[in-house]
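> Coordinates only, no sequence provided:
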């Protein structure tokens, strides 16, 4: 077991160093794309906490992504230091309210209901002129990252945004790894494998599922906030179901329940999208065929978990 | 609200509800009997609408197009079940979601390649291409009345099929207990293929029927899919009767919700769902 | 006999029109094994499901140390000191035997909403898991993945997990199911050793085991209690012999 953990740490270190050095060689376009990939890696890891770890297949995860993104878009160049936590808190609050409702359902109901609530938010935003309607909402200014007058981070610089995304993706990975190994994480895995047994052992499972839902929502909010920050605009598609579906593909493609897998899945899927889109403007057709192929031929993903295994 | 307006809204709500029922009943049957969650169900509605647009142009007659469209959609259903869907039985819902999500992407792009991204229309067919005058300013399209009548006739036919025929017996047995169907010596593979093709045909038929009354546009399938999900959730998974009640409820809630709370226009149906979910998490007609 | 730990009064449950359990009143005391036997479909598992909170009764009352616990949820029943093992082995296959017990013992922490500290660093939880493994005779197998344990060991682990929640009342649903003779003997010895500290309700088909450990015996037929009392008495009851024991024990005597 130690061997595997050491290998994992070594691989992670190599990856992080490579990403940290990437700006030395990468052109601006690729840096921007890599930034987006790392943001989506955060989103995919947050969804993995639900799908892979807890066994809750949410098809409405984009709602929390979008909620925090729009929160930033509605603010007028606020300070990063309070607007980021505030936006994540808003996403967490939305996850708390909706989670309390949808977690009453299970299985296929859960899938349908999470999707339905996300679409409700989608239509609400799309039809509301206050949120800029279907055109979306432009940020008046990017958040200000100065701290006590010291401007260490300039969020108008694509390079700084790149490193911010890298640091936060790494932080989220470390945080979730930690959570997985905690008492809380063990309960989530137990719920995924056999919820009835967990209840008969004395765990009030609803509470833990809700906590996981809120945590995942907050982290999805982080990704949404960063997306608004990166793109300078938030539009309804960011909380549409394509966003949620794409994240599910990332999780499966990488290997669910592994955290690192979904993060790599984000990279793989987005790289693929980039390649496809240079071939044809109808690249979504290729993507659809690819997704079907993954389900039929590679259902366990790139970093497949051993069958029904825990995490160690 | 005067009576004529109320009547028009009522008819609109019922008509929308009945149309939803055609789509949702297929969705709920496919889940109840085959245990498959099918995100691509909305695409079949879209495919139906585009078939109506294309075939009406090609054949010169909407009713002929309707017949040909139904035949084509049954073929599509059989082919899809044979090619893809049968690999999903007994697999985790997650993979069903993913594969059918992939199908949506494929169908949407094929639609874009074949028909472009413009909005199209289909002329209202005779003999229903006129309106009834209710007051000096208000009238109601006879085609919409005909739509409701056709949907009602189909609902009745479905009821009869499920209650009275051998296929219906298998469907009833299948939705109660999938293992039992096998034990009864029924060809499960054939039953699944029939049910799936029936579901596809119903959704496509709804799309064809709706084409002359509304427009034919990209993304129309996804919009209707989500509302059908709401219908299925409210009605209870696998319950055709529940789907009918819920579809009418949602149709009316949508129409009257837009009237009563215009600023919340798209949201009323979801609020209804939230209330039902709080009250009965397994839907109105779901098994406990 | 000591005060009843678990007591039911007129407990009933119907499914549709079918009465699966009808008007069952029984009591389990600390330090004693109360065995419930009966033919398939007698309602034994339904009874245990109600006692553990997995199933809400349609009538009657369940008392735990004098407290009314009727209709409580499984986690609430568990937190009040009732441990349950399942007929079908219900261990977490990816966890080791020790991790299974540790997860179970974790349920006795005031809360498992602990997000950062490693699950391995709770000495009291680890100790409880060790004790449970030891008590169930699995001390040497702690590091083995549950999926790699033999069937008999998995049944033992099932009980070890239950023990790790420090229960005062044990509900054992056919702990000997599918076991060979040697494994059965070990399980009987285990149940006997647990008797001193717990009130045990045992549902079991293996008559030799039942008569080896039971202090009180209840026979259920068609959801209702046919006879209840000391094992020897119940065994001698002609109705019982006719309805149930007669068929299985006919060869013996």
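Noted; the coordinates are in hand. Owing to the predicted nature of the structure, the values given are computational and were not obtained by experimental measurement.

> What count of nearby residues applies to the residue nearest to residue A:118 when sequence neighbours are not counted?
Nearest non-adjacent residue to residue A:118, counting by CB to CB, 6 or more residues apart in numbering or on different chains: residue A:60, 3.1 Å away. (Glycine included, C-beta is placed from N, CA and C.) When neighbours are counted by other CB atoms under 10 Å in any protein chain shown, residue A:60 registers 25.

> Residue A:232 too?
Neighbours of residue A:232 under the rule other CB under 10 Å: 13.

> swap in the one 5 residues further on?
Per other CB under 10 Å, the neighbour tally for residue A:237 reads 15.

> any idea which helix or strand carries the nearest residue to it once chain neighbours are set aside?
Distances taken as CB to CB, 6+ apart place residue A:243 nearest to residue A:237, at 6.9 Å, with adjacent residues excluded. Per DSSP states H and E: residue A:243 is located in helix A:241-254.

> quick one: residue C:5 is in a helix?
No - assignment of residue C:5 by DSSP: H, G, I helix; E, B strand; the rest coil gives strand, placing it outside any helix.

> Break down chain A into its helices, ranges please.
Ranges of helices within chain A are A:2-25, A:28-48, A:62-74, A:80-102, A:107-126, A:158-181, A:183-200, A:205-231, A:241-254, A:260-279, A:283-297, based on DSSP state H.

> cool, and the stretch 151-253 of chain C?
When assigned using DSSP state H, counting those that start in this stretch, the helices of the stretch 151-253 of chain C occupy the ranges C:151-164, C:181-195, C:207-213, C:231-236, C:238-240, C:246-249.

> Go through those helices and pick out the most buried.
Most buried of the helices of the stretch 151-253 of chain C by mean neighbour count (mean count of other CB atoms under 10 Å in any protein chain shown) is helix C:151-164; its value is a mean of 25.

> when you scan it, is anything in it near chain A?
Yes - on the criterion CB under 8 Å from any CB of the partner chain, helix C:151-164 is in touch with chain A at C:161-162.

> got it, and stretch C:126-137?
No - shown here: stretch C:126-137 not in contact with chain A (CB under 8 Å from any CB), separated by at least 11.7 Å.

> Need the residues that contact that stretch.
With contact meaning CB atoms under 8 Å, 6 or more residues apart in numbering or on different chains, stretch C:126-137 is reached by C:97-98, C:101-102, C:104-105, C:108, C:120, C:139, C:141-142, C:156-157, C:159-161, C:163-164, C:166, C:186, C:190, C:193-194.

> where does residue B:244 land in three-state SS?
Using three-state DSSP, the structure places residue B:244 in helix.

> Can you tell me how far it is from chain C?
Distance, residue B:244 to chain C, by CB to the nearest CB, to the nearest Å: 24 Å.

> wait, what's in contact with that residue?
Here residue B:244 is in contact with B:21, B:25, B:155, B:235 (CB under 8 Å, 6+ apart).

> Chain B is nearest to which of the helices of the stretch 151-253 of chain C?
Comparison of the helices of the stretch 151-253 of chain C against chain B by CB to the nearest CB identifies helix C:151-164 as nearest, at 24.1 Å.

> list the helices and strands that closest one packs on?
Applying 3 or more CB pairs under 8 Å, 6 or more residues apart in numbering or on different chains; DSSP states H and E, we find helix C:151-164 packed against strand C:82-85, helix C:97-106, helix C:123-135, helix C:181-195.

> Which elements pack onto the shortest one?
So the one you mean is strand C:82-85. Using 3+ CB pairs under 8 Å, 6+ apart: strand C:82-85 touches helix C:44-51, helix C:151-164, strand C:169-173.

> re the thing from before, from the contacts of residue B:244, which is closest to chain C?
Comparing the contacts of residue B:244 against chain C with CB to the nearest CB places residue B:235 closest, at 21.7 Å.

> got a list of what the closest one touches?
Residue B:235 touches B:24, B:28, B:241-247, B:283-286, counting by CB under 8 Å, 6+ apart.

> sorry, back to before: just put the helices of chain A in CSV and tack on mean pLDDT, distance to residue B:93 and mean neighbour count.
CSV is the format used below for the helices of chain A (pLDDT from 0 to 100; distance: least, CB to CB, whole Å; neighbours: other CB atoms under 10 Å in any protein chain shown):
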stretch, mean pLDDT, distance to residue B:93, mean neighbour count
helix A:2-25, 87, 30, 11
helix A:28-48, 96, 15, 23
helix A:62-74, 97, 19, 29
helix A:80-102, 96, 15, 20
helix A:107-126, 89, 6, 23
helix A:158-181, 96, 23, 18
helix A:183-200, 96, 14, 23
helix A:205-231, 97, 17, 25
helix A:241-254, 93, 11, 26
helix A:260-279, 95, 18, 20
helix A:283-297, 93, 12, 19
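
> No further questions, thank you.
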